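Q: Need coordinates for the following:
(2 chains)
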Amino acid sequence: LAKTTQPISMDSYEGQEVNITCSHNNIATNDYITWYQQFPSQGPRFIIQGYKTKVTNEVASLFIPADRKSSTLSLPRVSLSDTAVYYCLVGDRNAGNMLTFGGGTRLMVKP
Amino acid sequence: SAVISQKPSRDICQRGTSLTIQCQVDSQVTMMFWYRQQPGQSLTLIATANQGSEATYESGFVIDKFPISRPNLTFSTLTVSNMSPEDSSIYLCSVEEVAGRVQNIQYFGAGTRLSVL
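A: Residues are numbered from 1 along each chain as shown, chains lettered A, B, ... in the order given. Model (predicted):
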């Protein structure tokens, strides 16, 4: 299973764009990249998933370079309510492999 | 997306007792998962529970300590047996959504915060 590395923590201010990068050097051909968000006292919540290039939804964008050895979660114009832990998971569920939650990135948005 | 309800949301228990955590889903799902999360830490998978079969436990977790039931496609329980203070943690259940996606994603309950004295 691909191992992921993320910054332990990041600070930002309201209204800024936040980019959280995840490294996954040994990503396999069929692996997908999935990001979850976890607020205090809640379970993780799915944000976005992608395989290559760029994926965008109403919450975030996910940028994946051609070599797929890293990915960047982009949160536009963050607010205080975006303060949470963000987890990057890499793997192939269709192959029956459970994805592993790494350490995550603790994002603190300040006023 | 699936809606998951966990009970209790929190509990304080005495050493040596057992606690059963319930997980109810608003739709039928094949696979349910149980995780443990120490405060400030990441999630660790305890076991996978499929309806009609024995749960599959991850390394470091055993059935005698964490028995799991899965009587139907919308419900599961996790029991934390013979508790010690080291079992103090947050326990979460999750389900997978399959339809309409290339890769399955998980939906989580809010968790059960357990403190063992």
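Q: And for A:Gly15, nearest residue in space, chain neighbours not counted?
A: A:Arg77 (5.4 Å; C-beta to C-beta, 6 or more residues apart in numbering or on different chains). Heads up, the C-betas are built off the backbone N, CA and C, glycines and all.
Q: I'd like to know how far that neighbour sits from A:Glu58.
A: Remark: distance between A:Arg77 and A:Glu58 (C-beta to C-beta, to the nearest Å) = 13 Å.
Q: In what element of secondary structure is B:Phe61 found?
A: Assessed by DSSP states H and E, B:Phe61 sits outside every helix and strand.
Q: measure it to B:Thr44 for me?
A: B:Phe61 sits 9 Å away from B:Thr44, going by C-beta to C-beta.
Q: can you check B:Glu97 too?
A: According to C-beta to C-beta, B:Glu97 stands 22 Å off from B:Thr44.
Q: B:Arg66 contacts B:Ala49, doesn't it?
A: I think there's a mix-up here, since residue B:66 is Phe and not Arg. No. In this structure B:Phe66 lies outside contact range of B:Ala49 using C-beta atoms under 8 Å: 10.6 Å.
Q: which residue does chain A bring closest to chain B?
A: A:Gly43 (2.7 Å; C-beta to the nearest C-beta).
Q: hmm, back to that, A:Arg77 and A:Glu58: which is more packed in?
A: Taking other C-beta atoms under 10 Å in any protein chain shown, A:Arg77 and A:Glu58 do not tie; A:Arg77 has more neighbours (10 against 5).
Q: which ones are touching the residue sitting nearest the centre point of chain B?
A: In chain B, the C-alpha nearest the mean C-alpha coordinate belongs to B:Trp34, at 2.9 Å (C-alpha atoms, centre = their mean). Contact analysis of B:Trp34 by C-beta atoms under 8 Å, 6 or more residues apart in numbering or on different chains lists B:23, B:45-47, B:49, B:66, B:68, B:76, B:78, B:91-93.
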